[in-house]
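Student: Sequence first, predicted coordinates after that:
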Amino acid sequence: MDSRLAQFAALNQKDKAPAYLSLVSEILARQNQSLIAPDLHALVETVVQDAGIVVGRQVLSELVRNLGTRSISDHNLRKRVVEETLSTLQPRIVSYEEQVNSLRFQLADLLETEEEWSEAARVLMGISSRSLPDEEKFRVNIRIVRLLLEDEDSVQAETYYNRAASLSNSTSDRVTQLQFKLCQARISDYARKFLEAAMRYHELSWLAEIDEEERQEMLSAAVTCAVLAPAGPNRSRVLASLYRDERSADLPSYNILSKMFLDHILRPAEIRTFEERLRPHQLAKIAISSNDQLASTIDDDDSAEPSTSTRRGPSTVLDRAVMEHNLLASSKIYNNITFRGLGALLDLAPGAAETMARKMIEQGRLKGSIDQVDKLIWFDAAREEDDAQGKAGGLGDVEQTNEDTGAPFTKRWDLQIRMTAANVETIVQHLAEKGLVQQPAVTA
């Protein structure tokens, strides 16, 4: 091989290209594959050093094209040839940028086949994007994000996702846009923006272009993220949307979804079952701030009853979501609750339970007030009054004038009667529509 390469190097410039091209075809057609890699390596080095840029680009383009069409069937041999050729050309990327980029795409494909996700992503990161159109840059960045997320590297994935987001209007290809939307949902999931992730997953689960099995997985991911999202009105809207989705009834997590939507208290056994299906980043530990630790040390020293728990706060994302949900659910059951009673319900120290309630009230996710003298949390039911008024009998919103009696307990009692009557009327209407209730005969 060395003698033939020396002979080709002595040829006129116009004769070098056909000679080298014929040698490329001859090497790739050999039956003895053990010599293919070293001979191609020697050929590439000779062409790069002695043939000149014009001839070198012709020869290397033909070699890259043959490698891309799987002229070498053996996976390991093809990978070795691509890696050796890439290492030879990389220092001269200015002259052979197109060939280097093509080789990097091929090497990334090979590594992705081996499920070496991070290695494949790093190969794509080395692609020179100067000569690439915006649409191709967008595809490359999206592919890097997907590969990094396969290895749970969300920090670096978010960097390339931000680059892709700036180019998202550069393509009208539907498949690429769907891949970008999926990356959006997954990035939000890994960044613990669970409410945003739930909405994006649920949106994708309706798209007919996606396989039915994958849509079911996205719906399941939407439910999981909605459960992990911070309790409050925004999460309640997402839970309502998922609960009313008929497909949700077939999911393993439907039980916890229904309990959260209906504001039922969640029990430890139900949480453990749900926890088994979570991914590692969804089980991440969370730190308690120094201010919260200080506030949670306040205990009811006047009471002789010992505290039922010494926990100073939630330890995981799921732990926090469940505690906040149970706190919100308790506001629908009780008019007020002591710090100690809430701590027993949430498995927290009384001071930590007060801290959690205070933060939710400050953020507008819980309506109520805190009486630190009597160590009571008062829940405000006024928000439910607007929903209950005028709904009985299906009349819709009816303008009503309420007398201000100045008695909050009387108003709350009247509200509960009104809501009960409205619910009974709704049940009777549904039964009548199904023919299960007969209308009483009218007598003169």
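Tutor: Nice, thanks for sending it over.
Student: Just give the closest residue to Asn234, not the sequence neighbours.
Tutor: Nearest residue to Asn234 in three dimensions, chain neighbours excluded: Leu195, at 5.8 Å (CB to CB, 6 or more residues apart in numbering). All C-beta spots, glycine's among them, are computed from the backbone N, C-alpha and C.
Student: Going along the chain, name the strands of the stretch 201-350 of the chain.
Tutor: Here the stretch 201-350 of the chain has its strands, by DSSP state E, counting those that start in this stretch, at 336-338.
Student: hey, where'd the helices end up in it?
Tutor: Ranges of helices in the stretch 201-350 of the chain, per DSSP state H, counting those that start in this stretch, are 212-228, 233-243, 254-261, 268-275, 290-296, 317-333, 339-346, 350-362.
Student: Taking helix 317-333 as reference, get the angle to the third one.
Tutor: By that I understand helix 254-261. Interaxial angle, helix 254-261 versus helix 317-333 (axes from the mean of the first three to the mean of the last three CA atoms, to 10 degrees): 50 degrees.
Student: ok, and what's touching helix 254-261?
Tutor: 223, 226-227, 236, 239-240, 242-243, 248, 251, 264-266, 270-271, 274, 325 (CB atoms under 8 Å, 6 or more residues apart in numbering).
Student: where does the stretch 101-250 of the chain dip in pLDDT?
Tutor: The model of the stretch 101-250 of the chain has no residue with pLDDT under 70.
Student: hmm, try it at 80
Tutor: By pLDDT under 80, the low-scoring segments of the stretch 101-250 of the chain are 129-131.
Student: list the buried ones in the helix or strand harbouring Phe138?
Tutor: According to DSSP states H and E, Phe138 maps onto helix 134-150. The neighbour-count check on helix 134-150 (16 or more other CB atoms under 10 Å) flags 136-150 as buried.
Student: what about the residue nearest to Asn234, which helix or strand?
Tutor: Leu195 belongs to helix 194-204 when assigned by DSSP H and E.
Student: same deal with Ser369?
Tutor: strand 368-371.
Student: quick revisit: give me the helices and strands touching the helix holding Leu195, please.
Tutor: helix 174-190, helix 212-228, helix 233-243 (3 or more CB pairs under 8 Å, 6 or more residues apart in numbering; DSSP states H and E).
Student: okay, those, which one's buried deepest?
Tutor: helix 212-228 (a mean of 21; mean count of other CB atoms under 10 Å).
Student: now that helix against helix 233-243, angle please.
Tutor: Using the same axes, to 10 degrees: helix 212-228 against helix 233-243 is 150 degrees.
Student: Helix 212-228: how far from the chain's middle?
Tutor: When distances are taken as CA atoms, centre = their mean, to the nearest Å, helix 212-228 is centred 10 Å away from the chain's centroid.
Student: Return the angle between stretch directions for it and helix 194-204.
Tutor: Interaxial angle, helix 212-228 versus helix 194-204 (the same axes, to 10 degrees): 160 degrees.
Student: other SSEs contacting helix 212-228?
Tutor: Judged by 3+ CB pairs under 8 Å, 6+ apart, the packing partners of helix 212-228 are helix 174-190, helix 194-204, helix 233-243, helix 254-261, helix 317-333.
Student: contacts for it?
Tutor: Outside helix 212-228, the residues that touch it by CB under 8 Å, 6+ apart are 185, 188-189, 192, 194-195, 197-199, 201-202, 204-207, 210, 235, 238-239, 242, 245, 247-248, 250-254, 256-257, 260, 274, 277-278, 282, 317-318, 321.
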